[in-house]
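Visitor: with the sequence up front, the predicted model follows.
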Amino acid sequence: MCVGVAKYFKGTGWVLAKNRDQSYIPVTTFIDKPDPKVGEIFVLDDKEIKYREGMNHRGLTIISTSLTPVLSIEDNASDGKNIYAALHMTDPEEAAKYLISKKMTGYIFIGTQEKMVLVEAARKDKGDKQGIGEYVSTMRVIPKDETVVRTNHGVDLPWAGFQTGYSENQDIWRKSSERRKEIAEQVAEKANTPEAILNGLASWVDEDLQMNVFRIAKKKEDMQIGRAHV
């Protein structure tokens, strides 16, 4: 359950920012490996769920946020493997089409300094089971005058992600998704530098700690920010 932001800054180019939190205590490392085509590939690596995301030396960057409504069916290992493969590419649209061909779900931000592509992809419900049916995706190049913020509920696919009426937990998660999107949009709108986005996403805005972008757990199952090791 994450927040992704993409904003274009004149003189800098496209900037991607993300806050990543989980219901467990994630401990992540960073992997930096040479590659003959793109120079190097640098990724965040979550050892517990095998998820990876990051960038290559040619500037292609990939981050994602979840649109899987039932956390237990999210295939983090497969997503991490496919993102790592896409980071061997140089064009955002090529990488986006590759990830769609692998039926990766979620909001997938794929950008270079001068081009940003957003994929929104999810699986429809199948009978009374959420998120295991037909795969549906959208893909578009984002104009430089548009700032994009996405959390964990669908926008182009409004039926995707967390929905109200399925369970008490999902009701709370949908409320949090909407509130975190609102806060992050306010942060991104005001930000004049990339650093301002990062600082804003880490700010404490809402008294309910689970409604902030940077979340702190009060009980075991709450979402919380992870730890990173270099």
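Guide: Yep, it's here.

Visitor: which strand or helix spans residue 84?
Guide: helix 76-86 (DSSP states H and E).

Visitor: helix or strand right after that helix?
Guide: In N-to-C order, the element after helix 76-86 by DSSP H and E is helix 92-101.

Visitor: which parts of the helix holding residue 84 are buried?
Guide: 76, 79, 80, 81, 82, 83, 84, 86 (16 or more other C-beta atoms under 10 Å). All C-beta atoms are positioned from the backbone trio N, CA, C, and that covers glycine.

Visitor: check stretch 99-113 too.
Guide: For stretch 99-113, a neighbour-count test (16+ other C-beta under 10 Å) marks 99, 100, 104, 105, 106, 107, 108, 109, 110, 111, 112 as buried.

Visitor: and those, which two are the farthest apart?
Guide: 105 and 112 (23.0 Å; C-beta to C-beta).

Visitor: relative to residue 109, how far out is residue 69?
Guide: 20 Å (C-beta to C-beta, to the nearest Å).

Visitor: and if you look at residue 96?
Guide: Residue 96 is 10 Å from residue 109, where distance means C-beta to C-beta.

Visitor: now the common contact residues for these two.
Guide: Residues touching both residue 96 and residue 109 (C-beta atoms under 8 Å, 6 or more residues apart in numbering) are residue 117.

Visitor: which parts of the chain are strands?
Guide: 2-9, 13-22, 27-35, 39-46, 51-56, 61-65, 106-111, 116-123, 135-141, 148-150, 224-225, 227-229 (DSSP state E).
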